[in-house]
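Undergrad: predicted model, plus sequence, below.
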Amino acid sequence: MPPARVVAVAPGSPAEVAGVVAGDEVLAVNGEDLRDVIAYQMETDAAHVELDIRRGGLEQLLVVEKNAGAPLGVELESAVFDRVRTCDNHCPFCFIYQLPEGMRKSLYLKDDDYRLSFLYGNFTTLTRFTEADFERVVGERLSPIYVSIHATDPDVRTKMLRNRRGATSLRWLELLLDADIEVHGQVVACPGVNDGAVLDQTLLGVLDRFPRLSTLGVVPLGVSAHNREPEMRPHTRAEAEAVVATIERWQERYTAALGRRLVYASDEYYLLAGRPFPALDAYDECRQHENGIGMARTFEAEVQSALAGGEVVTAGVRSGFFASVDGAPMDGYRAPRGEVAVTLRARNVPIAILTGVMGAQVLAPLVDDLADRAGVPVRLVAVANEFFGGNIGVTGLMTGADVGRALLAEADGQRFLLPDVALSRGRFLDGVAVEELPRPVEVVVTDGAALVAAVAREAVAR
């Protein structure tokens, strides 16, 4: 079994006291070979932990004494020690196929690994799921799991995944639900492929076969300028309106049959259709918040609550037992962004909030209230995504090149606020570091309370 490499040790942690250092390779824990951070966490949960370490080619045993359940204080290089289970589907709508060349290698990795689904909320198609995987998920209660459904019609799903196992792999979904594993589903709706009558059929299939599904999110496909699949195109406004109408119709049916809405349209669909977002309570705790469902209303509620001086409860917290697993690296779909150092710059000057084109539509109704709190003009800088092109307009996919271009077009004498959702370890997707931007920016945690505090020049405890 490949070892797990230590990349950081928290100062003063039980691991540091025991002598663990960055660069160590963990060969076994309590005598057990481990294949991923899930098994690692379970073994290191005890008060007495024995680590078989290799350092500089020499093996040694380190003993860690701590309180049961307390973290070791180690960050590992990867959440999976053996090979990540890669995806063998060839979905024409897959965004990884639409990435430009020259980005960092990790961005081109397609995974279809149930472990990353559990740890980070990545969606898996279950086409590589096995009996052994099922036994582990059920036996260790690895829940929730996130599953890409796309269509319940076997022929349509096979066509969409370009994999013959697409016709049969949803049997695992049925078995997981029967075993009381919490599962959240997703449908990426592609115009002319699985919207329209096929979407109706899929939602009927969910009611028939998967009524225990916790939630089902319907999201539109992203089409970059690097797309090589001519049949993959953005929705028209009429098509988006039809998708929203279909989902709202099925919400009524699910409520009548199951007592809950179950299916939700992404915020992007409401923007595409030119329709107002549903009320916040219509999202039923926003359990697909990180999938862009209920984000707009949540952010609005956070801003309004912060402006009113009330308690702010943010949504989108990573669910599952491993919400803050010791050892899991800070990478992945639901990973925290880490500590963000915010430098408050010149006061009493206009404020410009950098955001994606779609984010600007969400923020626009809040700008006047933010300006009132700031006591200075507040405006939005909608950053056009020329790096990806196509219909890509979400804030999280802004790149350093595009942000830099937008900053150069701006006048001096402004405070520029940048949401941290566009960054990972201080860098944009194109590898540009914040410090390399042509103008200084203030990085702000992506929630409404943090934005209010930033425009008001207040400190926020994180």
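TA: Okay, I see it. Numbers count the residues shown, from 1 in each chain.
Undergrad: Val6 is in contact with Glu25, correct?
TA: Yes: taking contact to mean CB atoms under 8 Å, the distance of 7.4 Å between Glu25 and Val6 places them in contact. Using the backbone N, CA and C atoms, a C-beta is placed for each residue, glycine as well.
Undergrad: ok, those two, which is more surrounded?
TA: Between Glu25 and Val6, Val6 has the larger neighbour count (other CB atoms under 10 Å), namely 23 against 17.
Undergrad: pretty sure that one sits against Gly73.
TA: No: no contact is recorded between Val6 and Gly73 when judged using CB under 8 Å, the distance being 10.4 Å.
Undergrad: low-confidence bits of the stretch 351-462 of the chain, can you list those?
TA: Low-confidence regions of the stretch 351-462 of the chain, defined by pLDDT under 70, span residues 458-462.
Undergrad: where along it do the strands fall?
TA: Read by DSSP state E, counting those that start in this stretch, the stretch 351-462 of the chain holds these strands, from start to end of the chain: 351-356, 378-383, 415-419, 442-444.
Undergrad: residues making contact with the helix or strand that contains Thr246?
TA: Assigned by DSSP states H and E, Thr246 falls within helix 237-258. With CB atoms under 8 Å, 6 or more residues apart in numbering as the test, helix 237-258 has contacts from 189, 191, 195-196, 199-200, 203, 207, 211, 218, 220, 235, 260-265, 269-270, 272-275.
Undergrad: now swap in stretch 29-45 and tell me
TA: Residues from elsewhere that reach stretch 29-45 (CB under 8 Å, 6+ apart): 1, 4, 26-28, 46, 49-52, 64, 68-69, 71-72, 76, 78-82, 115, 118-119, 140, 142, 322, 325-328.
Undergrad: where exactly do the strands run in the stretch 1-150 of the chain?
TA: Using DSSP E, counting those that start in this stretch, the strands of the stretch 1-150 of the chain run over residues 4-9, 25-29, 48-55, 58-65, 74-76, 145-148.
Undergrad: circling back to that earlier point, would you mark the buried spots in the helix holding Thr246?
TA: Within helix 237-258, the residues scored as buried using 16 or more other CB atoms under 10 Å are 239-244, 246-248, 250-251, 254.
Undergrad: for the helix or strand just after it, which residues meet the burial criterion?
TA: Using DSSP H and E, the helix or strand that follows helix 237-258 towards the C-terminus is strand 263-265. Of the residues in strand 263-265, those scored as buried under the neighbour-count criterion (16+ other CB under 10 Å) are 263-265.
Undergrad: can you check stretch 277-288 too?
TA: Judged by neighbour count (16+ other CB under 10 Å), stretch 277-288 contains these buried residues: 277-278, 280, 283-284, 286-288.
Undergrad: what do you get for stretch 171-180?
TA: Using 16+ other CB under 10 Å as the burial criterion, the residues of stretch 171-180 that qualify are 172-173, 175-177.
Undergrad: so which of the residues you listed comes closest to Ala422?
TA: Taking CB to CB as the measure, Ala422 lies nearest Leu173 of the buried residues of stretch 171-180, at 33.2 Å.
Undergrad: now the buried residues of stretch 171-180 as JSON lines including pLDDT, secondary structure and distance to Gly389?
TA: Listed next are these as JSON lines, based on pLDDT from 0 to 100; DSSP: H, G, I helix; E, B strand; the rest coil; distance: CB to CB, whole Å:
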{"residue": "Trp172", "pLDDT": "98", "secondary structure": "helix", "distance to Gly389": "36"}
{"residue": "Leu173", "pLDDT": "98", "secondary structure": "helix", "distance to Gly389": "35"}
{"residue": "Leu175", "pLDDT": "98", "secondary structure": "helix", "distance to Gly389": "41"}
{"residue": "Leu176", "pLDDT": "98", "secondary structure": "helix", "distance to Gly389": "38"}
{"residue": "Leu177", "pLDDT": "98", "secondary structure": "helix", "distance to Gly389": "39"}
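Undergrad: can you list the residues you listed in TSV and add distance to Arg162?
TA: Below are these laid out as TSV (distance: CB to CB, whole Å):
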residue	distance to Arg162
Trp172	19
Leu173	19
Leu175	24
Leu176	24
Leu177	26
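Undergrad: max pairwise distance over these: which two?
TA: Using CB to CB, the pair of the buried residues of stretch 171-180 lying farthest apart is Trp172 and Leu177, separated by 9.7 Å.
Undergrad: rewinding a little: got a ChimeraX select line for the buried ones in the contacts of helix 237-258?
TA: Written as a ChimeraX command, the selection of buried residues from those, which uses 16+ other CB under 10 Å, is:
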select :189,191,195,199,203,207,218,220,235,261,262,263,264,265,269,270,272,273,275
